[in-house]
Structures are given as structure tokens and as C-alpha cells.
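**Q** my questions are about this predicted structure, shown below with the sequence.
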Amino acid sequence: MKSLELLVERIILSSRWILVVFYLGLVAALAVYAVSFAYKFAKVAMNVFVFDDAEMILAMLALIDAALVASLILMVMIAGYENFVSRFDEAGDDVSFLGKLDSGSLKIKVASSIVAISSIHLLQVFLNVQQYTDGQLMWLTIMHLAFVVSALLLGFLEQIMGKLKS
């Protein structure tokens, strides 16, 4: 019976390597998103003398939004791999910019990134307010506030958990 238990444990522990497929998929998604970003940037660059101030601000916000999404993908890839699959053997200083991300702090960083992305999107909406109904504006604002409250609650819970561990 003990050998069966050891076999089951090995299978379960080895199954974490299945996650590598997801992380490699995120690498491919990031590459595709980089192409999309380059296309958006080229459109902005070609219209730099055509866009008025509001259009240029919206275009810059779209580029900032894209950069935040790309950063979020990278953060999830690196931290997820390190937390759930394996440590990076030779990348000590290469990933030190992330700091030590356990699953709790990763959730907070992801939630913070989502709030930042939502903020930029909401700013874009308010800069084009004439294209939205009052109901749409209300729901977009409520969704953004839900993201903010969720991030705050995650931070609060992480703080409580940190105190309990101490």
C-alpha cells in the first residue's frame, strides 16, 4: 500500500509540469500581443500630425493599456512557473525585478494590474463619453469599483494572513 501511495504522490507532483504548456502558451500570446502593439504604434506614428489632442491621448492610453496587459502576462508567467513548477536555476538576477512573489502577493499584483488596466479603460471611456449611454457609464464605473474593492480586500486579507504567520 505504501508503494501505491508513493506512486500516486509522484504522479500528482509530476503533474505540475503540465502547467508548462500554459506558460508556453502565454509566451506565444505575448508574442502575438507584441505584434498587435507594433501595429497600433505604427498607426499612431503615421497619424501623429493628423490626430488632435484628444485622439492622441486616447491612442497613448491604448498603448499604455497594452503595456500593462503585457506586463501582467509576463508577471503571471514568471511567478506562476516559479511558484508552481520549478525555480529558475540560472536566472537569479534576471527575475529579481519581480521580488519574491508567493501566491498571495501574486494575487495582489495581478489585482493591482487589473485595477490599473480598468482605470485606463475607464479614462478612455470618459474621454469618449458622448459614445456611451448613461447606463453603460454607470455599469463600467460599477465594474471598475468592483475591481478596486476586490484588490483592496485581497490586500487586507494578505495583511491579515501575514500577521497570523508571524
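**A** Cool, got the structure.

**Q** let me know whether residue 154 touches residue 107 as I believe.
**A** Yes. Contact criterion CB atoms under 8 Å: residue 154 and residue 107 qualify, at 5.5 Å. For glycine as for every other residue, the C-beta is placed from the backbone atoms N, C-alpha and C.

**Q** so for stretch 14-26, what gets flagged as buried?
**A** Buried residues in stretch 14-26, counted by 16 or more other CB atoms under 10 Å: residue 26.

**Q** centroid-nearest residue for the protein?
**A** residue 72 (2.6 Å; CA atoms, centre = their mean).

**Q** distance check, that one against residue 78.
**A** Here residue 72 is placed at a distance of 11 Å from residue 78 (CB to CB, to the nearest Å).

**Q** for the protein, where's the lowest mean pLDDT among helices and strands?
**A** Scoring the helices and strands of the chain by mean pLDDT, DSSP states H and E places helix 103-127 at the bottom, with a mean of 86.

**Q** can you pull the buried residues of that helix?
**A** For helix 103-127, by 16+ other CB under 10 Å, it's 104-122, 124-125.

**Q** any regions of the chain where pLDDT drops low?
**A** Across the chain, the ranges flagged by pLDDT under 70 are 90-103, 166.

**Q** check which helices and strands the strand or helix carrying residue 163 sits against.
**A** Assigned by DSSP states H and E, residue 163 belongs to helix 134-165. Judged by 3 or more CB pairs under 8 Å, 6 or more residues apart in numbering; DSSP states H and E, helix 134-165 is in contact with helix 103-127.

**Q** quick check: angle from the helix it packs on to helix 134-165?
**A** 160 degrees (axes from the mean of the first three to the mean of the last three CA atoms, to 10 degrees).

**Q** residues contacting helix 103-127, please?
**A** Applying CB atoms under 8 Å, 6 or more residues apart in numbering, the set of residues contacting helix 103-127 from outside is 54, 57-58, 61-62, 64-65, 68-69, 71-72, 75-76, 79-80, 83, 99, 101, 132, 137, 140-141, 143-144, 147-148, 150-151, 154-155, 158, 161.
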